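>>> with the sequence up front, the predicted model follows.
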Amino acid sequence: MTTNPLQQHQIREVKWTTHARKRGQQRGISQDAVRAALWFGERFWAGDGCVAYYLGRKVMRRVGVEISRTLEQYRDIAVIVASDGALVSVQHTPRPKKRWR
(Lines give C-alpha, C1' and ligand atoms only; values in the text may rest on other atoms or scores of the structure.)
Protein backbone atom coordinates (compact mmCIF):
# COMPACT_ATOMS: atom_id res chain seq x y z
CA MET A 1 0.00 0.00 0.00
CA THR A 2 1.48 3.37 -1.01
CA THR A 3 1.18 6.41 1.19
CA ASN A 4 -0.11 9.74 0.05
CA PRO A 5 2.93 12.04 -0.40
CA LEU A 6 0.94 14.96 1.01
CA GLN A 7 0.42 13.10 4.28
CA GLN A 8 4.18 12.83 4.74
CA HIS A 9 4.45 16.59 5.20
CA GLN A 10 3.20 18.12 8.42
CA ILE A 11 1.52 21.46 7.73
CA ARG A 12 0.38 23.52 10.65
CA GLU A 13 -3.34 24.07 11.00
CA VAL A 14 -4.56 27.05 9.02
CA LYS A 15 -6.99 29.57 10.50
CA TRP A 16 -9.82 30.02 8.00
CA THR A 17 -11.68 33.33 7.98
CA THR A 18 -15.46 33.21 7.66
CA HIS A 19 -15.14 34.43 4.07
CA ALA A 20 -12.60 31.74 3.16
CA ARG A 21 -14.72 28.99 4.73
CA LYS A 22 -17.79 30.17 2.82
CA ARG A 23 -15.90 30.38 -0.49
CA GLY A 24 -14.28 27.00 0.07
CA GLN A 25 -17.68 25.39 0.56
CA GLN A 26 -19.21 27.20 -2.42
CA ARG A 27 -16.30 26.30 -4.70
CA GLY A 28 -15.71 22.76 -3.45
CA ILE A 29 -12.15 23.41 -2.28
CA SER A 30 -11.13 21.12 0.55
CA GLN A 31 -8.69 21.58 3.41
CA ASP A 32 -6.39 19.09 1.68
CA ALA A 33 -6.38 21.29 -1.44
CA VAL A 34 -5.47 24.31 0.69
CA ARG A 35 -2.66 22.40 2.41
CA ALA A 36 -1.30 21.28 -0.98
CA ALA A 37 -1.36 24.85 -2.29
CA LEU A 38 0.42 26.16 0.81
CA TRP A 39 3.07 23.46 0.68
CA PHE A 40 3.78 23.24 -3.06
CA GLY A 41 2.22 26.33 -4.67
CA GLU A 42 3.97 29.22 -6.37
CA ARG A 43 4.00 32.36 -4.24
CA PHE A 44 2.75 35.70 -5.51
CA TRP A 45 2.50 39.02 -3.72
CA ALA A 46 -1.20 39.82 -3.36
CA GLY A 47 -1.14 43.31 -1.86
CA ASP A 48 -1.82 44.55 1.67
CA GLY A 49 0.73 42.06 3.01
CA CYS A 50 -1.15 39.06 1.59
CA VAL A 51 0.44 36.20 -0.34
CA ALA A 52 -1.28 34.07 -3.00
CA TYR A 53 -0.28 30.41 -3.40
CA TYR A 54 -1.13 28.91 -6.77
CA LEU A 55 -0.97 25.27 -7.91
CA GLY A 56 -0.51 25.32 -11.68
CA ARG A 57 1.30 23.54 -14.49
CA LYS A 58 4.69 24.89 -13.44
CA VAL A 59 4.32 23.25 -10.05
CA MET A 60 3.29 19.95 -11.64
CA ARG A 61 6.46 19.98 -13.74
CA ARG A 62 8.67 21.01 -10.81
CA VAL A 63 7.61 18.29 -8.35
CA GLY A 64 8.25 14.61 -8.88
CA VAL A 65 5.94 12.27 -10.77
CA GLU A 66 4.48 10.64 -7.66
CA ILE A 67 3.61 13.94 -6.02
CA SER A 68 2.37 15.37 -9.31
CA ARG A 69 -0.18 12.55 -9.61
CA THR A 70 -1.48 13.36 -6.14
CA LEU A 71 -1.57 17.11 -6.78
CA GLU A 72 -3.36 16.84 -10.14
CA GLN A 73 -6.76 16.83 -8.42
CA TYR A 74 -5.91 20.23 -6.89
CA ARG A 75 -4.49 21.88 -10.00
CA ASP A 76 -5.52 25.48 -10.75
CA ILE A 77 -6.41 26.26 -7.15
CA ALA A 78 -5.25 29.46 -5.47
CA VAL A 79 -5.36 30.44 -1.83
CA ILE A 80 -4.83 33.92 -0.39
CA VAL A 81 -3.19 34.22 3.02
CA ALA A 82 -3.06 37.42 5.09
CA SER A 83 0.09 38.66 6.79
CA ASP A 84 -1.15 37.25 10.12
CA GLY A 85 -1.41 33.75 8.59
CA ALA A 86 -5.21 33.66 8.26
CA LEU A 87 -6.64 32.17 5.09
CA VAL A 88 -8.51 35.01 3.39
CA SER A 89 -9.97 33.34 0.30
CA VAL A 90 -9.76 30.30 -1.98
CA GLN A 91 -10.56 30.04 -5.69
CA HIS A 92 -10.18 28.14 -8.92
CA THR A 93 -8.22 29.99 -11.60
CA PRO A 94 -6.76 28.67 -14.87
CA ARG A 95 -3.55 30.75 -14.57
CA PRO A 96 -1.88 33.12 -12.13
CA LYS A 97 -3.49 36.53 -12.07
CA LYS A 98 -1.64 39.71 -12.93
CA ARG A 99 -3.10 41.30 -9.81
CA TRP A 100 -4.28 39.26 -6.83
CA ARG A 101 -6.79 40.87 -4.48
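Yep, it's here. Treat the numbers as computed from the prediction; the structure is a model and nothing was measured.

>>> looking at this, residue 78 is in a strand?
Yes: under DSSP: H, G, I helix; E, B strand; the rest coil, residue 78 falls within a strand.

>>> and for it, the neighbour number?
Number of residues near residue 78 (other CB atoms under 10 Å) recorded here: 24. Where you see a C-beta, it was placed from the backbone N, CA and C, and this is true even at glycine.

>>> need the nearest residue in space to it, chain neighbours excluded.
residue 54 (4.5 Å; CB to CB, 6 or more residues apart in numbering).

>>> in the helix or strand containing the one you found, what's buried?
Using DSSP states H and E, residue 54 sits within strand 50-55. Within strand 50-55, the residues that count as buried by 16 or more other CB atoms under 10 Å are 50-55.

>>> next: stretch 63-75.
Here stretch 63-75 shows 63, 67-68, 70-71, 74-75 as buried, counting by 16+ other CB under 10 Å.
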